[in-house]
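Peer 1: got a sequence here, can you model it:
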Amino acid sequence: MKLEHVAITITDPAEIENFYHNILGMSEVSNFILEKDLVKRIFGIDKETSVFLLQKDELFLEIFLMPEQYKKNFEHVCISISNREKFIEKAAQNGYEYIRLIRKYADLIFIKDKSGNIFEIKEINTNNNGK
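Peer 2: Numbering: from 1, shown residues only. The predicted structure is shown next:
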């Protein structure tokens, strides 16, 4: 199993530069808008949001920008495993629900533990070329 990224929510976009770049020394790998329908299906928040992927060394942070604070948020842990389909089958057999979102290039799979912690599940990249 490999940790892919940790996702957190911030309310002030200036923090990306002030804290994550200047203090932690992270660099921006990419940024994108997560569409409202995906946000609603995965996180239960009815609003599109900006997402920034930051990196320093082997650590990747996925920063979700949400100007107002919500009881719900975007925090999740992303892991890669060697057989995602077998993992999902085992989880379902043990009463854990998962969300599979079919997309053009690659599907997304999210699973929650009984405490509501969200895990994004990816297949381990066997090409040895990183993310």
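
Peer 1: outside of stretch 71-80, which residues touch it?
Peer 2: 1-9, 43-45, 49, 62, 64, 66, 110, 117-125 (C-beta atoms under 8 Å, 6 or more residues apart in numbering). All C-beta spots, glycine's among them, are computed from the backbone N, C-alpha and C.

Peer 1: now do the buried residues in the longest helix seen in the chain.
Peer 2: Determined from DSSP state H, the single longest helix within the chain is helix 84-93. Using 16 or more other C-beta atoms under 10 Å as the test for burial, helix 84-93 gives 84, 87-88, 91.

Peer 1: distance from the chain centre to the helix or strand just after that helix, please.
Peer 2: Reading on from helix 84-93 to the C-terminus, the next helix or strand found by DSSP states H and E is strand 98-101. Centroid separation for strand 98-101 versus its chain: 13 Å, with C-alpha atoms, centre = their mean, to the nearest Å.

Peer 1: and what of stretch 41-51?
Peer 2: How far stretch 41-51 lies from its chain's middle: 11 Å, per C-alpha atoms, centre = their mean.

Peer 1: skip the chain neighbours and tell me the closest residue to residue 8.
Peer 2: residue 75 (5.8 Å; C-beta to C-beta, 6 or more residues apart in numbering).

Peer 1: could you report the neighbour count for that neighbour?
Peer 2: By other C-beta atoms under 10 Å, 14 other residues sit near residue 75.
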